[in-house]
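In: A predicted structure for the sequence below; I have some questions about it.
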Amino acid sequence: MGTSQSREGRDLSDSESESDYQSQEEEEDEQYRDASNRAETPLSASSSRETLDEIDAKLKSLKLKYPQGDNGRRVKLYLHVGGSSPSAKWVLSEKLSSYRFVKGSGDGGDSDGGDAAAGDGGSGWFLTVGDKVRARVSSEMQLKMFGEKRRVDFVDRGVWALKFLGDEEYRRFVTEFQDCLFENVYGVKATEENKVKVYGKDFIGWVKPEIADDSMWEDAEEGDGGRVEEPVRVSGDLLEEFEEAANGGVQSLALGALDNSFLVNDLGVQVFRNHSKGIHGKGVCVKFDGRGVSGSVGSTPKKAMLMRAETNMMLMSPLKEGKPHSKGIQQLDIETGKIVTEWKFEKDGADITMRDIMNDTKGAQLDPSESTFLGLDDNRLCQWDMRDRRGIVQNIAGGESPVLHWSQGHQFSRGTNFQCFATAGDGSIVVGSLDGKIRLYSRTSMRQAKTAFPGLGSPITHVDVTYDGKWVLGTTDTYLILICTLFTDKDGKTKTGFTGRMGNKIPAPRLLKLTPLDSHLAGANNKFHNGHFSWVTENGKQERHLVATVGKFSVIWDFQQVKNTAHHCYRNQQGLKSCYCYKIVLKDESIVESRFMHDNYAVTNSPEAPLVVATPMKISSISLSGKRSHG
C-alpha cells in the first residue's frame, strides 16, 4: 500500500497570481503535460489579455453552436498540480475567465446534432472555459459540486476548479450542466416532458431528487454529520496482514466461507487457507490439463463459481478473447483436483452460450446437495439443472459432454442486452443491462421483472445485492449506483421491489464516486469494476461496507455512512446525492478483484471481515479497524 494525501478538497486561494501560475507551468510543463493548454503554445502574459471577442472567434472557428442568450459567464479558473505528492496544490490559472456550454457540429454549419469536429470525442454539448478547457459534458468529467463554496471541480486532461462570483451564477451553471448532460445521454432536450418519458412517471424522484421519498434511507445511524475535508487515501486503520506472490496471470478470485479460498490463474487453481486476518497460500495448485468444452481448449477460465459445500468449482472459459460468452463449463472436484465433468449449454436441441453463471442464492455454495445454478446471456435468464432426468450419471470419461437441463427461464425476443446478475439470500435475482437498466426478478418467475429501474446513461457492468434484498449496487465505468428496493404497499406493509410493483414512491438512488483528483490519478483508461457489498449469509445481519476497484485502487465505502441522509457529502448538492467518502488501498499494479471475506472471519475488534485484494502477480489481505471512513 502507498501513502499520499491531496489538497483536492481544500479551499481555493487567490494567493497564486497568474504570473506565479505561468512560471509554475513553465517549470513543470513536462511533468504535467496531460493538464496543459489545448492551445498550440503555452498561455503567455499577452495571450492572457486577449479579449473575450477574440476567444469567441477562436471557438467559433471550431464550428461550435452557442445556446441562445448565452453571452458568457465570468469565473476564476484553477488547476491542480503536483498529483498526490506532498507539494500538490491548486494554482490560479485565470483570474477572470468565462465559461460556455457549446454544441459541437462537424457538418460545416450550425445545425444541432451534427458530429463534432475531429478530435473532439463526439458530438453534443461541450463545456469550454476560456481557451484552456474543452470537455464533452459527460460522467467522465467526474464533476463534483461544492455548493457552500460556489465551486465545481472536474477532470479534463487534468483537474480543474471553477470558482463562481455569486450563488446565482453557481446554480445556473449546475442546472445548465445537468441539462446538457441529460441531452448528451438521451438525445432529447431536458424538458420536464422528456424527463418523464425517459424515466417514467413512477421514477419522478429520480428526475427531481428533492421531492423523492427518502424515508426508506433513514434507518442509518444518527450523528454522522461531522465534517472532514478529504478522503483518506491510505490510513492507519487499514492494516495489511499478508501479501504473497501468486503464480502469475490471476484471472479471478473465488472466496470460500468455510476453510479455503481460490485464485484462478493461467496455470490452474491456487488454494489458500482462510484465516481471521485474511487468506494464506497452502502451496497447492490444481493445474489445468488444457482440455475444455468445445471452443474453449487452451483458454484460461475467467469465471469460477463454488458449489456443493465448496467441494466443487464450476469454471467457465470464454470462446473468444475479450468476449465473456461460453458454450459450456467444466466441473472441478477440488478434493481430487480433477475435472470430473464438462457440461454443454443447450436449449431445444441447439447449442447456446452463456455470458455468466451464478449460484441460486447468496449462500447456496454452502449447500452440499446443490445441483442447480443460474445462467445469463444477452437475452436469456435461466436455471440449469445438473441432475440428468434419466437418472444416469455422466462424466468426462464418457466422451461427449453431457447436456445441462434447462430447468426454467426465459429467452427474451427483444434486445435486453443483459450484462451481469446477482442473487439475494432468498433467490431473488437482480440483472444489469447495457442500457443502464437494473431489473428485479422474483425467484419464482424469470419471465417478467417485478421492477425495472431506469438507466442513468451508463451501462451496468456488475451488480450485487444485499442478503436481505433491500439494497442493490450497480457498477458503471465512472460511478457506482446504490438503490433502495424497499417500498410500502397499499396495505401499509413494507416489501422489496423483487416481490411487488413499487408504485410511485420510489426512493432516489445514491451515487458513489471518486473525487476528480482521484479519478485523474486512477488513469484515463481505468474504469470501476466489480462493486460488491461485504458478505453475510445470515438473516438479520447487515452488510457494513462496499468495495470496488479502479486501476490500482481498491475503494471502500462505509455502507452506513452512505445511507445516512444527514451525511455531510449530501449538503448543498443538486441532483442525485453523491458520496465521496471512502478509503483507498493503493497497489503497485492494476487490481483484478477486491472482495471482503465472509462474515465468519470478522473478529471481535474489527467492524468487518478482512479485505482480499488480488493483482495479476500478488494476493493481499487487509484488516479494517473500527474507525470511520473520512471524506
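Out: Arrived safely. Numbering: from 1, shown residues only.
In: when you work out contacts or count neighbours from here on, use the C-alpha atoms and nothing else.
Out: Fine.
In: now stretch 498-513, how far from the centre of its chain.
Out: Counting by CA atoms, centre = their mean, to the nearest Å, stretch 498-513 is centred 18 Å from the centre of its parent chain.
In: send me that stretch as CSV with only the CA atoms.
Out: C-alpha atoms of stretch 498-513 as CSV (Å, rounded to 0.1, in the frame of the first residue of the first chain):
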residue,chain,number,x,y,z
PHE,A,498,-38.4,-8.2,-6.0
THR,A,499,-41.9,-9.2,-4.7
GLY,A,500,-44.2,-6.4,-6.0
ARG,A,501,-44.6,-3.3,-8.1
MET,A,502,-43.1,-0.4,-6.2
GLY,A,503,-45.6,2.3,-7.3
ASN,A,504,-44.6,5.9,-7.5
LYS,A,505,-42.9,6.4,-4.1
ILE,A,506,-39.6,5.0,-5.2
PRO,A,507,-36.6,6.4,-3.3
ALA,A,508,-33.9,8.2,-5.4
PRO,A,509,-30.6,6.3,-5.7
ARG,A,510,-27.3,7.4,-4.3
LEU,A,511,-24.1,7.6,-6.4
LEU,A,512,-20.7,6.6,-5.1
LYS,A,513,-17.9,8.5,-6.9
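In: contacting residues for His80?
Out: Glu8, Ala88, Lys89, Trp90, Val91, Gly158, Val159, Trp160, Ala161 (CA atoms under 8 Å, 6 or more residues apart in numbering).
In: buried subset of the residues you listed as a ChimeraX selection?
Out: Applying 16 or more other CA atoms under 10 Å to the contacts of His80, the buried members can be selected in ChimeraX as follows:
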select :8,89,90,91,158,159,160,161
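In: for the contacts of His80, work out which two are farthest apart.
Out: Pairwise distances across the contacts of His80 peak at 14.4 Å for Ala88 and Ala161 (criterion: CA to CA).
In: now secondary structure and pLDDT too, for the contacts of His80, in a markdown table please.
Out: Formatted as a markdown table, those follow (DSSP: H, G, I helix; E, B strand; the rest coil; pLDDT from 0 to 100):
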| residue | secondary structure | pLDDT |
| --- | --- | --- |
| Glu8 | coil | 58 |
| Ala88 | coil | 93 |
| Lys89 | strand | 94 |
| Trp90 | strand | 96 |
| Val91 | strand | 96 |
| Gly158 | coil | 94 |
| Val159 | strand | 97 |
| Trp160 | strand | 98 |
| Ala161 | strand | 97 |
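In: return the closest of the contacts of His80 with respect to Lys149.
Out: The shortest approach to Lys149 among those belongs to Ala161, at 11.3 Å (CA to CA).
In: quick check: pLDDT value at the most centrally placed residue in the chain.
Out: Nearest residue to the geometric centre of the chain (CA atoms, centre = their mean): Thr475, 3.1 Å. Note for Thr475: predicted pLDDT of 98.
In: which residues touch it?
Out: With CA under 8 Å, 6+ apart, Thr475 has these contacts: Ile460, Thr461, His462, Val463, Ile481, Phe528, His529, Asn530, Gly531.
In: please apply the same query to Gly166.
Out: Contact analysis of Gly166 by CA under 8 Å, 6+ apart lists Arg150.
In: any idea how far it lies from Arg151?
Out: The spacing between Gly166 and Arg151, counted by CA to CA, to the nearest Å, is 10 Å.
In: low-confidence stretches in the stretch 251-400 of the chain?
Out: For the stretch 251-400 of the chain, the stretches flagged by pLDDT under 70 are 288-299, 322, 388-400.
In: run the last query once more with 80
Out: Along the stretch 251-400 of the chain, the parts satisfying pLDDT under 80 run over 288-300, 319-322, 388-400.
In: in it, which spans are strands?
Out: For the stretch 251-400 of the chain, applying DSSP state E, counting those that start in this stretch gives strands covering 252-254, 260-264, 268-275, 278-287, 303-307, 312-316, 328-333, 338-344, 346-347, 350-351, 356-359, 372-377, 380-385.
In: what's the pLDDT at Ala116?
Out: Checking the pLDDT column for Ala116, the value is 33.
In: nearest to Glu243, of the contacts of Thr475?
Out: Asn530 (21.3 Å).
In: was I right to think that closest one contacts Val550?
Out: No - using CA atoms under 8 Å, Asn530 makes no contact with Val550, being 9.2 Å away.
In: where is the longest helix in the chain?
Out: Among the segments of the chain that qualify as a helix by DSSP state H, the longest is helix 167-186.
In: any idea how far the very next helix or strand once past that one is from the middle of the chain?
Out: With elements assigned by DSSP states H and E, the helix or strand that comes after helix 167-186 is helix 192-199. Relative to its chain's centre, helix 192-199 lies at 25 Å (CA atoms, centre = their mean).
In: so what does helix 192-199 touch, helix or strand wise?
Out: helix 204-207 (3 or more CA pairs under 8 Å, 6 or more residues apart in numbering; DSSP states H and E).
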